[in-house]
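In: return atomic coordinates for the entry below.
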Amino acid sequence: MKISVETLVSAPLESVWHAWTTPQEIVQWNAASDDWQTTRAEVDLRVGGQFSSRMEARDGSVGFDFAGTYTRVEPMSLIEASFGERTLLVEFLSHADGVTVRETFDADPSHPAELQRDGWQAILNRFALHVTSKDTQ
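Out: Numbering: from 1, shown residues only. Presented below is the predicted three-dimensional model:
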């Protein structure tokens, strides 16, 4: 089962791409809520390159790693990756109002699809807020 989430980021494509692909930026926005944080991120943005991040509850009670391999990279346009047996497609669709960022990923069969959709959407919403707040400074 595929799940898609998307958001409109009112910022230039270059700003959106930079925030998505730069470890120093990723650790600032990659969390579904304020009680979570990303403590580290690594990006080797090329086909065959690896990515990883560490997400932890701020109280230290739980954490997990998210990692995978880039399978397709079209700068300023799309990123495809695999993580475990699952895949992810991230599209950057530029238009007059900004950039629509759309993620389509394989659902994890061990978790409810709605929960996954809500979590990924929350992270994407925080991404948009991060980029637009930086872009207006």
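
In: direction included, what does the one helix or strand Leu8 maps to pair against?
Out: Element membership for Leu8, per DSSP states H and E: strand 2-9. For strand 2-9, the paired strands and their directions (DSSP bridges) are strand 98-106 (antiparallel).

In: export the longest helix anywhere in the chain to PDB, keeping only CA atoms.
Out: Secondary structure assigned by DSSP state H gives helix 113-135 as the longest helix of the chain. Extracted C-alpha coordinates of helix 113-135, given in PDB (Å, rounded to 0.1, in the frame of the first residue of the first chain):
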ATOM      1  CA  ALA A 113      -1.900   3.500   7.600                       C
ATOM      2  CA  GLU A 114      -3.600   6.500   9.100                       C
ATOM      3  CA  LEU A 115      -1.100   6.800  11.900                       C
ATOM      4  CA  GLN A 116       1.800   6.700   9.300                       C
ATOM      5  CA  ARG A 117       0.100   9.300   7.100                       C
ATOM      6  CA  ASP A 118      -0.500  11.600  10.100                       C
ATOM      7  CA  GLY A 119       3.100  11.300  11.300                       C
ATOM      8  CA  TRP A 120       4.700  11.900   7.900                       C
ATOM      9  CA  GLN A 121       2.300  14.800   7.300                       C
ATOM     10  CA  ALA A 122       3.200  16.400  10.600                       C
ATOM     11  CA  ILE A 123       6.900  16.200   9.700                       C
ATOM     12  CA  LEU A 124       6.200  17.700   6.300                       C
ATOM     13  CA  ASN A 125       4.200  20.500   7.900                       C
ATOM     14  CA  ARG A 126       7.100  21.300  10.200                       C
ATOM     15  CA  PHE A 127       9.400  21.300   7.200                       C
ATOM     16  CA  ALA A 128       7.200  23.900   5.400                       C
ATOM     17  CA  LEU A 129       7.100  26.100   8.500                       C
ATOM     18  CA  HIS A 130      10.900  25.800   8.900                       C
ATOM     19  CA  VAL A 131      11.600  26.800   5.300                       C
ATOM     20  CA  THR A 132       9.100  29.700   5.200                       C
ATOM     21  CA  SER A 133      10.300  31.100   8.500                       C
ATOM     22  CA  LYS A 134      13.900  31.000   7.300                       C
ATOM     23  CA  ASP A 135      13.000  32.400   3.900                       C
END
